[in-house]
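In: structure here, sequence nowhere to be found:
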């Protein structure tokens, strides 16, 4: 259990732009910062962060919240886990007790897997530093590779003992189950309920996700066992998907953003050696072919990728396969081939940091230069092969969206291959046209599928409470108005407004009151109670806080023990927006115009909103009376109902006259 004062310290320390900035590349835009939404696939930024209010909002998919909400949604973790993540980020101490076996059993599936991999990481680290076998074999190996103790600690390197069930026995004693360990990929199940450790007699490289949690492991064998694989990795699990993980990304993401470039290498030791040499903007695909998911992870931090490979044929072919995917994700790619006999690991160990950086800078090539210089030797004077090469490179160029950049590459390629620039442009244009129509066909097919499932996104997905009703819109839902009132309380409740005195002897005199008190008095005088249970509870909690501690009410609500109250408070906070040229969607433009409407910030708007709720309540009461009238056989009782209905109808007409047609209620 995290103490309230620690929780408050975490929330006050967490800066939304820093937390989101760890996962999303943000650009300043007026009072806000914008970027590509991490919660849905988009190419035009609609994700906005407001540092002053400590909240984020995506105007494409509607997701919003504060720093804690962002971590919960992005990492698919609990409220407490999000607090722990932020505490770790801001070096706030949370005294944690070791989990008991019963507490471990209460964890949900994902939390149980993360707990198991964290346990295994700690176990491997202790085996490396405290166990004689680990020190003599594992630690010696790392030192021979030139890794310092600081580097070993930084990457949480470890060792798996040769004993077949060493991890199993220790984990079971600590409260983990066989299912936990199997599902986390830590042990292998055989027939007759036999189990043994997946990693044995190997040095261990923990694999972290974007936020730093251990999701899997890589193990390198040290002994010369016949037919044993040199490297093995964790299998796919619920938390480890190889195609969506890059080794070293967590350790290097700050440097990648700072340098605005990501160096891509092949193996674990490549990353570690470059880090130790001072080059930290580096990641590895960990021996697997580069995937779109991995490229998108890098794109969160930078648009520039430099692939570093040794000069063997396998490395070169791998570089070629990755180029097209990188270009399709609208990123810039350059390639560096190291001297013969060198790989990034040995190159970093054999050269100074300055020499490494200088070599990369002077030897990096555009993909056009690299691919042409590489393949033109194979083509020779064969015209058919040369045509195939031109079409191949034209296909790569066609993925480039930027017109100027595409034109430069066409010119460069034409010069390198000694062909007409006009002919190459024609080929590229045809390929782009084909790609365009193929995409439209896919979008049409997908939209038809979505329509069938009724999962399409339209204006209804935007928070209706922030959009004032347009002319002649009929409102039938009290909860819409109740939410609008709560939004006024959250965003403007502590404002001071002038209210006319209700005293015959003080005509034309006004008294200053807080806006939330004005709303409380107005609703209480008419005996209005919210219909929604959640909104009613929120309203009552707000009122109680305002009575005891009228300042910083929202900060208190964001710390409330009830998750629903916390989330609702965050949802109600408005982000001030200024239209960006990047926001081309008419829906988003319309949405912004509604939010920026000055009329919605006036006291008259508040009064009308309150009157709308009262009007709807009266109409509901009138309809209930009409229903009772139909079911009442007694004439005297019918007369009473008719009188009450006439009175209510008169009141309804009066209120509708005041509100006008723009706020007519059905």
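Out: Ah, there it is. Being a predicted model, the structure only gives us computed values, none of them experimental.
In: CA atoms for contacts and neighbours, from now on please.
Out: OK.
In: shouldn't residue 155 be in contact with residue 206?
Out: Yes - at 7.4 Å, residue 155 counts as touching residue 206 under the criterion of Cα atoms under 8 Å.
In: who has more neighbours, these two?
Out: residue 206 (26 against 16; other Cα atoms under 10 Å).
In: in three-state terms, label that one for me.
Out: With DSSP: H, G, I helix; E, B strand; the rest coil as the basis, residue 206 sits in strand.
In: contacting residues around residue 375?
Out: Each residue near residue 375 by Cα atoms under 8 Å, 6 or more residues apart in numbering is listed here: residue 389.
In: give me the pLDDT value at it.
Out: At residue 375, the model reports a pLDDT of 77.
In: swap in the one 3 residues further on?
Out: At residue 378, the pLDDT value in this model is 75.
In: residue 213 and residue 249, how far apart?
Out: Per Cα to Cα, to the nearest Å, residue 213 is found 12 Å from residue 249.
In: I'd say residue 481 and residue 609 touch.
Out: Yes - counting by Cα under 8 Å, residue 481 does reach residue 609; the two are 6.8 Å apart.
In: run through who's touching the helix or strand where residue 483 lies.
Out: Here residue 483, judged by DSSP states H and E, is contained in helix 478-492. Helix 478-492 has contacts (Cα under 8 Å, 6+ apart) with 464-466, 515-516, 530-532, 535, 539, 554, 569, 572-574, 606, 609-610, 612-613, 616-617.
In: what average pLDDT does it get?
Out: The model assigns helix 478-492 a mean pLDDT of 84.
In: list the buried residues of it.
Out: For helix 478-492, a neighbour-count test (16 or more other Cα atoms under 10 Å) marks 478-491 as buried.
In: check stretch 214-223 too.
Out: 214-221.
In: among the residues you listed, which lie within strands?
Out: 214-221 (DSSP state E).
In: save the residues you listed as CSV, and put in distance to residue 385 and pLDDT too.
Out: What follows is those, written out as CSV (distance: Cα to Cα, whole Å; pLDDT from 0 to 100):
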residue, distance to residue 385, pLDDT
214, 47, 94
215, 45, 93
216, 44, 94
217, 43, 96
218, 41, 94
219, 42, 93
220, 41, 92
221, 43, 92
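In: which residues touch residue 222?
Out: By Cα under 8 Å, 6+ apart, the neighbours of residue 222 are 137, 201-203.
In: residue ranges with poor pLDDT in the stretch 401-550 of the chain?
Out: Applying pLDDT under 70 to the stretch 401-550 of the chain flags the ranges 436-437, 439-440, 443-444, 446-477, 499-510.
In: quick check: mean pLDDT of stretch 307-314?
Out: 72.
In: about what we covered before: of the contacts of helix 478-492, keep whichever come out buried.
Out: Using 16+ other Cα under 10 Å, the buried members of the contacts of helix 478-492 are 465-466, 515-516, 530, 535, 539, 554, 569, 572-574, 606, 609-610, 612-613, 616-617.
In: and those residues, which of them are in strands?
Out: Among these, no residue falls in strands (DSSP E).
In: now for the chain, the helix or strand with the poorest mean pLDDT.
Out: helix 586-595 (a mean of 49; mean pLDDT, DSSP states H and E).
In: report the contact partners of residue 197.
Out: Contacts of residue 197 (Cα under 8 Å, 6+ apart): 164-168, 186-188.
In: change it to 7 Å
Out: 164-165, 167-168, 186-188 (Cα atoms under 7 Å, 6 or more residues apart in numbering).
In: pLDDT value on the residue lying closest to it once chain neighbours are set aside, please?
Out: Spatially, and ignoring its direct neighbours in sequence, residue 197 is nearest to residue 187 (4.4 Å; Cα to Cα, 6 or more residues apart in numbering). For residue 187, the model assigns a pLDDT of 93.
In: also residue 184?
Out: For residue 184, the predicted pLDDT is 93.
In: and the gap between it and residue 115?
Out: 9 Å.
In: the residue nearest to residue 183 when sequence neighbours are not counted in helix, strand or coil?
Out: Among residues not flanking residue 183 along the chain, residue 237 sits closest, at 6.5 Å (Cα to Cα, 6+ apart). Following three-state DSSP, the label given to residue 237 is coil.
In: do I have it right that residue 237 meets residue 184?
Out: Yes - counting by Cα atoms under 7 Å, residue 184 is a contact partner of residue 237 at 6.3 Å.
In: hmm, residue 309 and residue 265 touching each other?
Out: Yes - between residue 265 and residue 309 there is a contact at 6.4 Å, judged by Cα under 7 Å.
In: these two: which has the busier surroundings?
Out: Set residue 265 next to residue 309 and count neighbours by other Cα under 10 Å: residue 265 wins out with 26 against 23.
In: name the nearest residue to that one, sequence neighbours excluded.
Out: Distance criterion Cα to Cα, 6+ apart; nearest residue to residue 265, sequence neighbours excluded, is residue 284 at 4.9 Å.
In: the one you found: neighbouring residues, count only.
Out: Neighbour count for residue 284, taken as other Cα under 10 Å: 24.
In: so what pLDDT did it get?
Out: Residue 284 is given a pLDDT of 92.
In: for the one 4 residues further on, same thing?
Out: Among the per-residue scores, residue 288 holds a pLDDT of 72.
In: ok, the residue nearest to residue 124 when sequence neighbours are not counted - contacts?
Out: Leaving aside its sequence neighbours, residue 124 sits nearest to residue 158 (Cα to Cα, 6+ apart; 4.5 Å). Going by Cα under 7 Å, 6+ apart, residue 158 touches 124-125, 127-128, 203-205.
In: pull the most distant pair out of these.
Out: Across the contacts of residue 158, no pair lies farther apart than 127 and 205, at 13.2 Å, counting by Cα to Cα.
In: looking at these two now, which is surrounded by more residues?
Out: Shown here are residue 127 and residue 205; by other Cα under 10 Å, residue 205 has more neighbours (23 against 20).
In: the more buried one reaches residue 214, doesn't it?
Out: No - if you go by Cα under 7 Å, residue 205 and residue 214 don't touch, sitting 10.2 Å apart.
In: what's around residue 563, how many residues?
Out: Residue 563, neighbours per other Cα under 10 Å, totals 12.
In: my error: substitute residue 361 in the last question.
Out: Residue 361 is flanked by 11 other residues according to other Cα under 10 Å.
In: flag every buried residue along the helix or strand hosting it.
Out: Residue 361 belongs to helix 353-363 when assigned by DSSP H and E. For helix 353-363, a neighbour-count test (16+ other Cα under 10 Å) marks 353, 356, 360 as buried.
In: what sits closest to the second one if chain neighbours are left out?
Out: Pointing back at residue 356 there. In this structure, residue 356 finds its nearest non-sequential neighbour in residue 348, 6.7 Å apart by Cα to Cα, 6+ apart.
In: now whichever helix or strand the one you found is part of, how far from the centre of its chain.
Out: Secondary structure assignment for residue 348, by DSSP H and E: helix 344-350. Its chain's average C-alpha position is 35 Å from that of helix 344-350, according to Cα atoms, centre = their mean, to the nearest Å.
In: got it, and stretch 267-279?
Out: For stretch 267-279, the distance to the chain centre is 27 Å (Cα atoms, centre = their mean).
In: same thing with stretch 89-96?
Out: How far stretch 89-96 lies from its chain's middle: 23 Å, per Cα atoms, centre = their mean.
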